[in-house]
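Visitor: predicted model and sequence follow; I will ask about them next.
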Amino acid sequence: MSTTVSDEDLGYLVLGVAIPLLAILVVAWVRWRRRDLEYVGITPGLTPVAGAPARRRRVRRGKEWSGTVPVQFHPPQGVSPAVAGVLVDSSADARDLGSLVVDLSVRKWFDIHRVDGDWELRRRQPPPHDVLSPTERAIVEAIFRSGPVQRMSRLKGDLGISLREAQIGLYREVVDRGWYRKHPRSRNALLGCLGMLGLLAAAGLALALYTYSQRHVTEYWWALPAGVATGALVMAIWGRGRTPRTADGTAVRIQTLGFRKYIATAEARQIRVEEAAGLFARYLPYAMVFGLADQWAKVIGQVLNQHRMSELVDSSGMLIDPDAWFLVGHLADLAGSAFDVSALADGVSGVGDAINGSFGFVDGVTNGVDGLVSGVGDFVGSAGDLFDGMDGCSDGCSGCGEVAGCLSW
């Protein structure tokens, strides 16, 4: 065996080192390109004034913006709970679709009641001034396709395709609104696929060079297939990555994170009692998406506990915002509470008894709010069961030649 390195062996060594280094550089560049964009020179969460020049850059650290967010006391304008969930984590999951269904109930498109251990959905007259998105309308029509009253247990076998379409609809919406350039869960598998092909090529190359080395004495032939295999592994393991957000998407995400911070840190003393019911109902679906339903319910329960019933009526004895309090009763019923405030929906019946304490308004609603956490959990779990067996972009398009359904819309 030769004791000196021939030009041929030196070539094998150089290529064996250069190919992995080149793969690392390519993967590093691609991963940098997959960082979210952000606006430069303006407060995070804001977008440039129309017509003003806008500079953009990739976020400096990590794949997405992760700085300190200011508290925002309301959700971003025009961003529904389910869309907010997709924007925060780039995934439309069971929790997002569960919040979509609860949000439609809060908006009075249908009622949800706990009946005999099951969930019963009862359709209502469409609210006159509420416009549904295509995804929301498809869900409502799918739920009540066979009648105005439906049981969740009976929908499991029929609603899976509609929920699958709703997932795609949510992904389509965030792309159409310019927050992603393509499907958020696209895994950009090109480099990963090249890596897998590279491993096959390395195996074939090793076999060919081994056969060649039997006739030509070489000592370092193995460096070339080893380098190809190493480069291929680098691309296969680290070459995949999610679709980055646009600068507009990052701005709206920051606003959404600011609202999540409000839900997470809200204190009872910051909320007026006459606002509590309306805020609880409107923001509950967002709290579900953020995984903060328990926290939000406790805060509203504290608000109710800190005030007397007499503070919930005006000087004429009418309930303050009776529609909002009806929603609290409706949502308390969601949790399986026996408490019922439907008699107060018109703002007249039962108010006097409630003030005197015999009706137990505050205690009843508070108990319903406390129990709502488990009720919402059960409901989202039931909605999540509808995802069994679903494939495609619910878990991300990760294969070579991405899932056709993810690309067709």
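Guide: The structure has been received and is ready for your questions. Since this is a predicted model, take the numbers as computed values, not measurements. Numbers count the residues shown, from 1 in each chain.

Visitor: got a pLDDT number for L200?
Guide: L200 carries a pLDDT value of 84.

Visitor: before we move on, what about L197?
Guide: 82.

Visitor: for it, what are its contacts?
Guide: A232 (C-beta atoms under 8 Å, 6 or more residues apart in numbering). From N, CA and C alone the C-beta is placed, and that goes for glycine too.

Visitor: from L97, how far off is it?
Guide: From L197 over to L97 the distance is 37 Å, taken as C-beta to C-beta, to the nearest Å.

Visitor: T47 now?
Guide: 28 Å.

Visitor: more neighbours, these two?
Guide: Just comparing T47 and L97: by other C-beta atoms under 10 Å the higher neighbour count belongs to L97, 24 against 15.

Visitor: what's the helix or strand for the more buried one?
Guide: Using DSSP states H and E, L97 sits within helix 94-106.

Visitor: what's the next secondary structure element after that helix?
Guide: Next along the chain after helix 94-106, taking DSSP H and E as the criterion, comes strand 110-115.

Visitor: who are the packing partners of the helix or strand following that next one?
Guide: Using DSSP H and E, the helix or strand that directly follows strand 110-115 along the chain is strand 118-123. Applying 3 or more C-beta pairs under 8 Å, 6 or more residues apart in numbering; DSSP states H and E, one finds that strand 118-123 contacts strand 110-115, helix 134-143, strand 149-151, helix 152-155, helix 361-385.

Visitor: so what are the sheet partners of strand 118-123 and their directions?
Guide: Take DSSP bridges as the rule and strand 118-123 pairs in its sheet with strand 110-115 (antiparallel), strand 149-151 (antiparallel).

Visitor: got the buried residues for that strand?
Guide: By neighbour count on 16 or more other C-beta atoms under 10 Å, the buried set for strand 118-123 is 119-121.

Visitor: nearest to V174 among these?
Guide: L121 (26.7 Å; C-beta to C-beta).

Visitor: partners of the closest one in the sheet?
Guide: Beta-bridge partners of L121, as defined by DSSP bridges: I112, Q150.

Visitor: now it: how far from F290?
Guide: 24 Å.

Visitor: next: R272.
Guide: 23 Å.

Visitor: more neighbours: which of these two?
Guide: Using other C-beta under 10 Å as the criterion, R272 and F290 rank with F290 on top: 24 against 12.

Visitor: now do the contacts for the closest residue to that one other than its chain neighbours.
Guide: In space, and not counting its chain neighbours, F290 is closest to R260: 4.6 Å by C-beta to C-beta, 6 or more residues apart in numbering. R260 is in contact with 88, 286, 290, 292, counting by C-beta under 8 Å, 6+ apart.
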